[in-house]
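sequence and predicted model, in that order:
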Amino acid sequence: MKSFEFTRPADAAGAVATAAKAKTAQQGANIRFIAGGTTLVDLMKLSVETPAQLVDINRLPLDKIEAQPNGGLRIGATVRNSDLANDATIKRDYSVLSQAILAGASAQLRNMATTAGNLLQRTRCVYFRDSAMPCNKREPGSGCPAITGHNRMLAVLGTSEHCIATNPSDMCVAMAALEATIHIQGPSGSRAVAIGDFHLLPGETPDRETVLEPGDLITHVELPPPKSGSKHFYLKLRDRASYEFALASAAVILEIGNGTVTSARIALGGVGTKPWRSPEAESSLVGQSANIDNFRKAAEAAMRGAKPQSENGFKVELAKRTLVRALTEVVA
Ligand SMILES: Cc1cc2nc3c(=O)[nH]c(=O)nc-3n(C[C@H](O)[C@H](O)[C@H](O)COP(=O)(O)OP(=O)(O)OC[C@H]3O[C@@H](n4cnc5c(N)ncnc54)[C@H](O)[C@@H]3O)c2cc1C
Ligand code: SF4
(Lines give C-alpha, C1' and ligand atoms only; values in the text may rest on other atoms or scores of the structure.)
(Ligands and ions follow the chains in the order given, each with its own letter.)
Protein backbone atom coordinates (compact mmCIF):
# COMPACT_ATOMS: atom_id res chain seq x y z
CA MET A 1 0.00 0.00 0.00
CA LYS A 2 1.34 3.47 -0.96
CA SER A 3 2.25 5.78 1.96
CA PHE A 4 -0.18 8.58 2.77
CA GLU A 5 -0.68 11.51 5.12
CA PHE A 6 -3.38 11.15 7.80
CA THR A 7 -5.28 14.10 9.29
CA ARG A 8 -8.06 14.43 11.86
CA PRO A 9 -9.84 17.77 11.40
CA ALA A 10 -11.66 19.18 14.44
CA ASP A 11 -14.77 20.23 12.54
CA ALA A 12 -16.66 19.69 9.30
CA ALA A 13 -15.48 23.02 7.85
CA GLY A 14 -11.85 21.93 8.30
CA ALA A 15 -12.55 18.57 6.68
CA VAL A 16 -14.26 20.23 3.71
CA ALA A 17 -11.45 22.79 3.28
CA THR A 18 -8.80 20.05 3.25
CA ALA A 19 -10.66 17.81 0.79
CA ALA A 20 -11.46 20.79 -1.47
CA LYS A 21 -7.78 20.84 -2.46
CA ALA A 22 -8.30 17.55 -4.35
CA LYS A 23 -8.75 17.80 -8.12
CA THR A 24 -11.72 15.42 -8.10
CA ALA A 25 -14.08 13.85 -5.59
CA GLN A 26 -14.33 10.73 -7.75
CA GLN A 27 -12.02 7.88 -8.72
CA GLY A 28 -8.37 8.88 -8.44
CA ALA A 29 -8.93 11.72 -5.95
CA ASN A 30 -5.68 12.28 -4.06
CA ILE A 31 -7.43 13.45 -0.86
CA ARG A 32 -10.16 11.23 0.58
CA PHE A 33 -12.38 11.19 3.62
CA ILE A 34 -12.19 7.98 5.58
CA ALA A 35 -15.07 6.74 7.76
CA GLY A 36 -15.31 2.99 8.52
CA GLY A 37 -12.61 2.26 5.93
CA THR A 38 -14.23 -1.02 4.84
CA THR A 39 -14.36 0.06 1.19
CA LEU A 40 -11.48 2.50 1.04
CA VAL A 41 -8.76 0.54 2.86
CA ASP A 42 -9.77 -2.61 0.96
CA LEU A 43 -9.22 -0.79 -2.36
CA MET A 44 -5.98 0.83 -1.14
CA LYS A 45 -4.58 -2.63 -0.38
CA LEU A 46 -5.37 -3.59 -3.99
CA SER A 47 -3.78 -0.34 -5.30
CA VAL A 48 -7.11 0.54 -6.88
CA GLU A 49 -7.35 3.65 -4.70
CA THR A 50 -4.05 5.46 -4.05
CA PRO A 51 -4.82 8.66 -2.11
CA ALA A 52 -1.95 10.82 -0.84
CA GLN A 53 -4.00 12.09 2.11
CA LEU A 54 -6.74 10.59 4.25
CA VAL A 55 -9.04 12.90 6.21
CA ASP A 56 -10.50 10.99 9.16
CA ILE A 57 -14.08 12.16 9.78
CA ASN A 58 -14.86 9.81 12.66
CA ARG A 59 -14.49 12.53 15.32
CA LEU A 60 -16.96 14.89 13.67
CA PRO A 61 -20.34 15.10 15.45
CA LEU A 62 -22.18 13.23 12.69
CA ASP A 63 -23.08 10.03 14.52
CA LYS A 64 -26.63 10.70 15.72
CA ILE A 65 -30.06 9.49 14.61
CA GLU A 66 -32.52 12.28 15.39
CA ALA A 67 -36.28 12.75 14.99
CA GLN A 68 -37.16 15.83 12.93
CA PRO A 69 -39.98 18.34 13.65
CA ASN A 70 -41.75 17.27 10.42
CA GLY A 71 -41.89 13.64 11.62
CA GLY A 72 -38.96 12.51 9.49
CA LEU A 73 -35.58 11.21 10.64
CA ARG A 74 -32.06 12.63 10.34
CA ILE A 75 -29.26 10.03 10.11
CA GLY A 76 -25.71 11.31 10.63
CA ALA A 77 -23.08 10.40 8.05
CA THR A 78 -20.97 8.38 10.49
CA VAL A 79 -23.84 6.42 12.07
CA ARG A 80 -22.67 2.80 11.86
CA ASN A 81 -24.74 0.43 9.75
CA SER A 82 -25.39 -1.83 12.77
CA ASP A 83 -26.62 1.09 14.91
CA LEU A 84 -28.92 2.21 12.10
CA ALA A 85 -30.33 -1.26 11.43
CA ASN A 86 -31.04 -1.83 15.12
CA ASP A 87 -32.43 1.61 15.94
CA ALA A 88 -35.94 1.26 17.42
CA THR A 89 -37.51 3.95 15.17
CA ILE A 90 -35.91 2.48 12.05
CA LYS A 91 -37.15 -1.00 12.94
CA ARG A 92 -40.66 0.27 13.62
CA ASP A 93 -41.21 2.93 10.93
CA TYR A 94 -38.65 2.18 8.20
CA SER A 95 -38.25 -1.57 8.55
CA VAL A 96 -37.26 -2.03 4.89
CA LEU A 97 -34.05 -0.13 5.72
CA SER A 98 -33.26 -2.26 8.74
CA GLN A 99 -33.89 -5.46 6.74
CA ALA A 100 -31.71 -4.28 3.83
CA ILE A 101 -28.75 -3.34 6.02
CA LEU A 102 -28.93 -6.60 7.96
CA ALA A 103 -28.92 -8.51 4.65
CA GLY A 104 -25.53 -6.99 3.78
CA ALA A 105 -21.93 -7.88 4.61
CA SER A 106 -21.25 -9.36 8.09
CA ALA A 107 -21.87 -8.21 11.66
CA GLN A 108 -18.22 -7.12 11.98
CA LEU A 109 -18.34 -5.07 8.78
CA ARG A 110 -21.68 -3.49 9.72
CA ASN A 111 -20.15 -2.42 13.04
CA MET A 112 -17.57 -0.36 11.12
CA ALA A 113 -19.43 0.67 7.96
CA THR A 114 -21.12 4.07 8.01
CA THR A 115 -24.17 5.60 6.34
CA ALA A 116 -22.15 7.87 4.01
CA GLY A 117 -19.54 5.21 3.29
CA ASN A 118 -22.28 2.78 2.28
CA LEU A 119 -23.74 5.38 -0.11
CA LEU A 120 -20.30 5.59 -1.74
CA GLN A 121 -19.21 1.95 -1.80
CA ARG A 122 -17.65 0.88 -5.10
CA THR A 123 -18.61 -1.88 -7.50
CA ARG A 124 -17.41 -5.44 -6.98
CA CYS A 125 -16.66 -5.91 -10.72
CA VAL A 126 -13.56 -8.13 -10.75
CA TYR A 127 -11.82 -6.06 -13.42
CA PHE A 128 -12.31 -2.86 -11.43
CA ARG A 129 -10.65 -4.51 -8.43
CA ASP A 130 -7.65 -5.81 -10.43
CA SER A 131 -5.27 -2.96 -11.21
CA ALA A 132 -3.49 -5.14 -13.82
CA MET A 133 -6.63 -5.12 -16.01
CA PRO A 134 -8.12 -2.34 -18.14
CA CYS A 135 -11.29 -0.76 -16.74
CA ASN A 136 -13.03 2.44 -17.87
CA LYS A 137 -14.23 3.13 -14.35
CA ARG A 138 -10.72 2.93 -12.85
CA GLU A 139 -8.80 4.27 -15.85
CA PRO A 140 -11.05 6.20 -18.24
CA GLY A 141 -10.58 5.17 -21.87
CA SER A 142 -8.81 1.88 -21.11
CA GLY A 143 -11.80 -0.30 -22.08
CA CYS A 144 -14.38 -2.58 -20.46
CA PRO A 145 -13.29 -6.23 -20.47
CA ALA A 146 -16.43 -7.22 -18.53
CA ILE A 147 -18.67 -6.78 -21.56
CA THR A 148 -17.02 -9.75 -23.29
CA GLY A 149 -15.66 -11.36 -20.12
CA HIS A 150 -16.90 -12.28 -16.67
CA ASN A 151 -20.18 -10.45 -16.19
CA ARG A 152 -22.34 -12.90 -14.22
CA MET A 153 -22.64 -10.50 -11.24
CA LEU A 154 -22.99 -7.35 -13.32
CA ALA A 155 -25.88 -5.07 -14.27
CA VAL A 156 -28.68 -5.46 -16.80
CA LEU A 157 -30.33 -2.06 -16.21
CA GLY A 158 -28.74 1.36 -16.79
CA THR A 159 -25.66 -0.02 -18.54
CA SER A 160 -23.67 1.66 -21.32
CA GLU A 161 -21.14 0.45 -23.86
CA HIS A 162 -18.47 1.83 -21.49
CA CYS A 163 -19.47 0.10 -18.24
CA ILE A 164 -21.95 -2.49 -16.96
CA ALA A 165 -20.89 -2.52 -13.30
CA THR A 166 -23.56 -3.14 -10.64
CA ASN A 167 -24.04 -0.86 -7.68
CA PRO A 168 -23.59 -3.40 -4.85
CA SER A 169 -25.32 -1.62 -1.95
CA ASP A 170 -28.30 -3.08 -0.12
CA MET A 171 -28.85 -0.01 2.07
CA CYS A 172 -29.15 2.28 -0.96
CA VAL A 173 -31.93 0.16 -2.48
CA ALA A 174 -34.06 0.64 0.64
CA MET A 175 -33.17 4.34 0.75
CA ALA A 176 -34.26 4.69 -2.89
CA ALA A 177 -37.66 3.21 -2.02
CA LEU A 178 -37.86 5.45 1.06
CA GLU A 179 -37.05 8.57 -1.02
CA ALA A 180 -34.13 9.60 1.19
CA THR A 181 -32.40 12.95 0.76
CA ILE A 182 -28.61 13.27 0.97
CA HIS A 183 -27.29 16.42 2.68
CA ILE A 184 -23.90 17.68 1.59
CA GLN A 185 -21.61 20.39 2.94
CA GLY A 186 -19.23 21.71 0.29
CA PRO A 187 -16.71 24.54 -0.13
CA SER A 188 -19.47 26.92 -1.24
CA GLY A 189 -22.20 25.91 1.21
CA SER A 190 -24.73 23.15 1.86
CA ARG A 191 -27.15 21.44 -0.48
CA ALA A 192 -29.61 18.55 -0.52
CA VAL A 193 -29.85 15.92 -3.25
CA ALA A 194 -32.61 13.35 -3.67
CA ILE A 195 -31.16 9.84 -3.62
CA GLY A 196 -32.51 9.23 -7.13
CA ASP A 197 -30.28 12.05 -8.40
CA PHE A 198 -27.23 11.26 -6.26
CA HIS A 199 -25.80 8.25 -8.15
CA LEU A 200 -25.04 8.72 -11.85
CA LEU A 201 -25.55 6.29 -14.72
CA PRO A 202 -22.21 5.24 -16.28
CA GLY A 203 -22.88 6.68 -19.76
CA GLU A 204 -19.57 7.78 -21.26
CA THR A 205 -18.04 8.61 -17.86
CA PRO A 206 -18.27 5.56 -15.59
CA ASP A 207 -15.47 7.03 -13.46
CA ARG A 208 -18.02 9.61 -12.22
CA GLU A 209 -20.37 7.71 -9.91
CA THR A 210 -22.08 10.48 -7.95
CA VAL A 211 -22.76 14.21 -8.06
CA LEU A 212 -20.10 14.89 -5.39
CA GLU A 213 -17.49 17.57 -6.15
CA PRO A 214 -14.09 18.12 -4.48
CA GLY A 215 -14.49 18.94 -0.80
CA ASP A 216 -18.09 17.70 -0.62
CA LEU A 217 -18.77 16.03 2.73
CA ILE A 218 -21.98 14.09 3.25
CA THR A 219 -23.21 15.29 6.64
CA HIS A 220 -26.46 13.38 6.97
CA VAL A 221 -29.32 11.59 5.25
CA GLU A 222 -32.93 12.55 5.85
CA LEU A 223 -35.87 10.17 5.64
CA PRO A 224 -39.34 11.63 5.05
CA PRO A 225 -42.03 11.02 7.68
CA PRO A 226 -43.20 7.39 7.56
CA LYS A 227 -46.54 6.62 5.95
CA SER A 228 -48.66 5.08 8.66
CA GLY A 229 -50.09 1.73 7.67
CA SER A 230 -47.55 1.16 4.89
CA LYS A 231 -46.03 -2.32 4.65
CA HIS A 232 -42.29 -2.81 4.10
CA PHE A 233 -40.21 -5.73 2.83
CA TYR A 234 -36.65 -6.28 1.54
CA LEU A 235 -35.73 -9.51 -0.21
CA LYS A 236 -32.19 -10.33 -1.30
CA LEU A 237 -31.19 -13.36 -3.37
CA ARG A 238 -27.51 -14.32 -3.49
CA ASP A 239 -25.18 -17.26 -4.05
CA ARG A 240 -24.93 -18.06 -0.32
CA ALA A 241 -27.02 -17.17 2.68
CA SER A 242 -24.73 -14.52 4.20
CA TYR A 243 -21.66 -12.40 3.52
CA GLU A 244 -22.47 -12.13 -0.18
CA PHE A 245 -23.65 -9.41 -2.53
CA ALA A 246 -27.08 -9.51 -4.21
CA LEU A 247 -27.72 -11.24 -7.50
CA ALA A 248 -31.09 -9.56 -7.29
CA SER A 249 -32.94 -7.77 -4.51
CA ALA A 250 -36.15 -5.81 -4.07
CA ALA A 251 -37.28 -3.16 -1.58
CA VAL A 252 -41.03 -2.70 -1.54
CA ILE A 253 -43.26 -0.29 0.38
CA LEU A 254 -46.97 -0.70 -0.26
CA GLU A 255 -50.17 0.83 1.02
CA ILE A 256 -53.26 -1.27 0.50
CA GLY A 257 -56.93 -0.45 1.01
CA ASN A 258 -59.74 -2.99 0.48
CA GLY A 259 -57.37 -5.30 -1.38
CA THR A 260 -56.25 -2.56 -3.80
CA VAL A 261 -52.75 -1.07 -3.96
CA THR A 262 -53.14 2.65 -3.18
CA SER A 263 -49.43 3.51 -3.25
CA ALA A 264 -46.25 1.64 -4.19
CA ARG A 265 -42.57 2.44 -3.90
CA ILE A 266 -40.30 -0.17 -5.42
CA ALA A 267 -36.53 -0.35 -5.89
CA LEU A 268 -34.29 -3.13 -7.15
CA GLY A 269 -30.71 -4.09 -6.26
CA GLY A 270 -28.10 -6.33 -7.87
CA VAL A 271 -29.36 -5.58 -11.38
CA GLY A 272 -28.76 -1.85 -11.93
CA THR A 273 -25.73 0.38 -12.38
CA LYS A 274 -27.27 2.49 -9.60
CA PRO A 275 -29.83 1.68 -6.88
CA TRP A 276 -32.79 1.10 -9.21
CA ARG A 277 -36.11 2.75 -8.41
CA SER A 278 -38.79 1.40 -10.72
CA PRO A 279 -41.56 3.92 -11.50
CA GLU A 280 -42.72 1.45 -14.19
CA ALA A 281 -43.46 -1.24 -11.61
CA GLU A 282 -45.03 1.29 -9.26
CA SER A 283 -47.45 2.75 -11.82
CA SER A 284 -48.33 -0.74 -13.04
CA LEU A 285 -49.47 -1.66 -9.49
CA VAL A 286 -51.24 1.42 -8.17
CA GLY A 287 -55.02 1.10 -8.44
CA GLN A 288 -54.79 -2.65 -9.07
CA SER A 289 -55.78 -5.58 -6.88
CA ALA A 290 -52.92 -6.89 -4.76
CA ASN A 291 -52.68 -10.30 -6.41
CA ILE A 292 -50.03 -12.44 -8.04
CA ASP A 293 -51.09 -11.67 -11.62
CA ASN A 294 -50.64 -7.95 -11.04
CA PHE A 295 -47.36 -8.53 -9.18
CA ARG A 296 -46.07 -10.41 -12.21
CA LYS A 297 -47.17 -7.57 -14.51
CA ALA A 298 -45.30 -5.10 -12.29
CA ALA A 299 -42.18 -7.28 -12.44
CA GLU A 300 -42.40 -7.47 -16.24
CA ALA A 301 -42.68 -3.66 -16.34
CA ALA A 302 -39.66 -3.25 -14.04
CA MET A 303 -37.38 -5.39 -16.22
CA ARG A 304 -38.67 -4.33 -19.66
CA GLY A 305 -35.53 -2.27 -20.41
CA ALA A 306 -33.07 -4.98 -19.27
CA LYS A 307 -30.02 -5.57 -21.45
CA PRO A 308 -28.37 -8.85 -20.48
CA GLN A 309 -24.77 -9.80 -21.34
CA SER A 310 -23.21 -13.20 -22.06
CA GLU A 311 -23.32 -14.56 -18.46
CA ASN A 312 -26.01 -12.58 -16.65
CA GLY A 313 -29.18 -13.22 -18.68
CA PHE A 314 -30.54 -15.27 -15.76
CA LYS A 315 -30.80 -12.07 -13.71
CA VAL A 316 -33.74 -10.81 -15.76
CA GLU A 317 -36.04 -13.64 -14.68
CA LEU A 318 -34.45 -13.81 -11.22
CA ALA A 319 -35.17 -10.13 -10.60
CA LYS A 320 -38.78 -10.57 -11.71
CA ARG A 321 -39.26 -13.50 -9.37
CA THR A 322 -37.56 -11.59 -6.55
CA LEU A 323 -39.98 -8.72 -6.96
CA VAL A 324 -43.04 -10.98 -7.21
CA ARG A 325 -41.96 -12.81 -4.07
CA ALA A 326 -41.26 -9.57 -2.17
CA LEU A 327 -44.70 -8.23 -3.11
CA THR A 328 -46.33 -11.51 -2.11
CA GLU A 329 -44.57 -11.43 1.28
CA VAL A 330 -45.43 -7.81 1.96
CA VAL A 331 -49.18 -8.41 1.58
CA ALA A 332 -49.16 -11.74 3.44
C1 LIG B 1 -16.23 -8.47 2.46
C2 LIG B 1 -17.28 -7.40 2.29
C3 LIG B 1 -18.59 -7.76 2.07
C4 LIG B 1 -19.57 -6.77 1.90
N5 LIG B 1 -20.86 -7.13 1.66
C6 LIG B 1 -21.81 -6.17 1.45
C7 LIG B 1 -23.16 -6.50 1.14
O8 LIG B 1 -23.54 -7.68 1.07
N9 LIG B 1 -24.05 -5.48 0.95
C10 LIG B 1 -23.67 -4.17 1.03
O11 LIG B 1 -24.51 -3.29 0.83
N12 LIG B 1 -22.40 -3.82 1.29
C13 LIG B 1 -21.47 -4.79 1.49
N14 LIG B 1 -20.18 -4.43 1.74
C15 LIG B 1 -19.79 -3.03 1.63
C16 LIG B 1 -19.90 -2.23 2.90
O17 LIG B 1 -21.27 -2.00 3.17
C18 LIG B 1 -19.17 -0.92 2.64
O19 LIG B 1 -17.79 -1.21 2.54
C20 LIG B 1 -19.40 0.10 3.72
O21 LIG B 1 -20.75 0.45 3.81
C22 LIG B 1 -18.59 1.36 3.45
O23 LIG B 1 -18.69 2.21 4.56
P24 LIG B 1 -17.38 2.77 5.28
O25 LIG B 1 -17.82 3.72 6.32
O26 LIG B 1 -16.48 1.66 5.71
O27 LIG B 1 -16.74 3.57 4.05
P28 LIG B 1 -15.22 4.02 3.79
O29 LIG B 1 -14.44 2.87 3.27
O30 LIG B 1 -14.66 4.76 4.96
O31 LIG B 1 -15.47 5.09 2.65
C32 LIG B 1 -16.02 4.70 1.40
C33 LIG B 1 -15.98 5.92 0.47
O34 LIG B 1 -16.84 6.93 0.97
C35 LIG B 1 -16.12 8.15 1.14
N36 LIG B 1 -16.75 8.78 2.31
C37 LIG B 1 -16.96 8.21 3.53
N38 LIG B 1 -17.67 9.04 4.31
C39 LIG B 1 -17.91 10.16 3.57
C40 LIG B 1 -18.61 11.39 3.82
N41 LIG B 1 -19.21 11.63 4.98
N42 LIG B 1 -18.68 12.31 2.83
C43 LIG B 1 -18.10 12.08 1.63
N44 LIG B 1 -17.40 10.96 1.35
C45 LIG B 1 -17.32 10.00 2.30
C46 LIG B 1 -14.68 7.74 1.30
O47 LIG B 1 -13.80 8.78 0.90
C48 LIG B 1 -14.60 6.55 0.36
O49 LIG B 1 -14.43 7.01 -0.95
C50 LIG B 1 -19.20 -5.40 1.96
C51 LIG B 1 -17.87 -5.03 2.21
C52 LIG B 1 -16.91 -6.01 2.37
C53 LIG B 1 -15.49 -5.59 2.63
S1 SF4 C 1 -18.01 -3.09 -16.04
FE2 SF4 C 1 -17.27 -1.07 -15.42
S3 SF4 C 1 -16.07 -1.53 -13.60
FE4 SF4 C 1 -16.25 -3.46 -14.76
S5 SF4 C 1 -14.51 -3.54 -16.19
FE6 SF4 C 1 -16.18 -2.56 -17.27
S7 SF4 C 1 -15.75 -0.39 -16.93
FE8 SF4 C 1 -14.64 -1.48 -15.35
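Cool, the structure landed. Residues are numbered from 1 along each chain as shown. Ligands and ions are numbered 1, 2, ... in the order given.

now the strand or helix carrying Thr328: how far from the chain's centre is it?
Under the criterion of DSSP states H and E, Thr328 resides in helix 314-331. Centroid displacement of helix 314-331 relative to its chain, using CA atoms, centre = their mean, to the nearest Å, is 19 Å.

so which bits of that helix are buried?
Of all the residues in helix 314-331, those buried under the rule 16 or more other CB atoms under 10 Å are 315-316, 318-320, 322-328, 330-331. Using the backbone N, CA and C atoms, a C-beta is placed for each residue, glycine as well.

before we move on, what about stretch 85-94?
For stretch 85-94, a neighbour-count test (16+ other CB under 10 Å) marks Ala85, Asp87, Ile90, Asp93, Tyr94 as buried.

that older thread, contacts for the helix holding Thr328, please.
Applying CB atoms under 8 Å, 6 or more residues apart in numbering, the contact partners of helix 314-331 are 156, 231-235, 237, 247-252, 254, 256, 266, 268, 270-271, 281, 285, 290, 292, 295-296, 298-300, 302-303, 306, 308.

which among those count as buried?
Of the members of these, the ones counted as buried by neighbours, 16+ other CB under 10 Å, are 156, 231-235, 237, 247-252, 254, 256, 266, 268, 270-271, 281, 285, 290, 295-296, 298-299, 302-303, 306, 308.

how about the strands in the stretch 101-250 of the chain?
For the stretch 101-250 of the chain, the strands defined by DSSP state E, counting those that start in this stretch occupy 181-186, 189-194, 217-223, 231-237, 248-257.

name the residues of the stretch 201-332 of the chain found near ligand 1, please.
Leu217, Ile218, Phe245 (CB under 6 Å from any ligand atom).

my read is that the second one contacts Gly76, right?
No. When contacts are counted by CB atoms under 8 Å, Ile218 is not listed as touching Gly76 (9.6 Å).

tally of neighbours for the nearest residue to Ser242 once chain neighbours are set aside?
Nearest non-adjacent residue to Ser242, counting by CB to CB, 6 or more residues apart in numbering: Ser106, 7.0 Å away. Residues near Ser106, counting by other CB atoms under 10 Å, number 11.

gap between Ser106 and Tyr127?
According to CB to CB, to the nearest Å, Ser106 and Tyr127 sit 25 Å apart.

ditto for Gly272
19 Å.

now do the shared contacts for Ile218 and Gly76.
Residues touching both Ile218 and Gly76 (CB under 8 Å, 6+ apart) are Thr115.

pick out the residue of the stretch 201-332 of the chain closest to ligand 1.
Ile218 (3.7 Å; CB to the nearest ligand atom).

so who does that residue touch?
Counting by CB under 8 Å, 6+ apart, Ile218 touches Ala77, Thr115, Ala116, Leu119, Leu120, Ile182, His183, Ile184, Leu212.

burial measure for Pro69, as a count.
Applying other CB under 10 Å, we find 5 residues neighbouring Pro69.

am I right that it sits in a strand?
No. Secondary structure of Pro69 (DSSP: H, G, I helix; E, B strand; the rest coil): coil, not part of a strand.

any chance of the contacts of Ile218 in CSV, with neighbour count too?
Below are these laid out as CSV (neighbours: other CB atoms under 10 Å):
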residue, neighbour count
Ala77, 25
Thr115, 28
Ala116, 24
Leu119, 22
Leu120, 22
Ile182, 25
His183, 18
Ile184, 23
Leu212, 23
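
of those, which is the nearest to Lys227?
Nearest to Lys227 among those: Ile182, at 20.6 Å, using CB to CB.

relative to ligand 1, how far out is that closest one?
To ligand 1, Ile182 is 9 Å away according to CB to the nearest ligand atom, to the nearest Å.

touching ligand 2 at all, stretch 267-287?
No. Stretch 267-287 stays clear of ligand 2 (CB under 6 Å from any ligand atom), getting no nearer than 8.5 Å.

what comes up buried for that stretch?
267-278, 280-282, 284-285.
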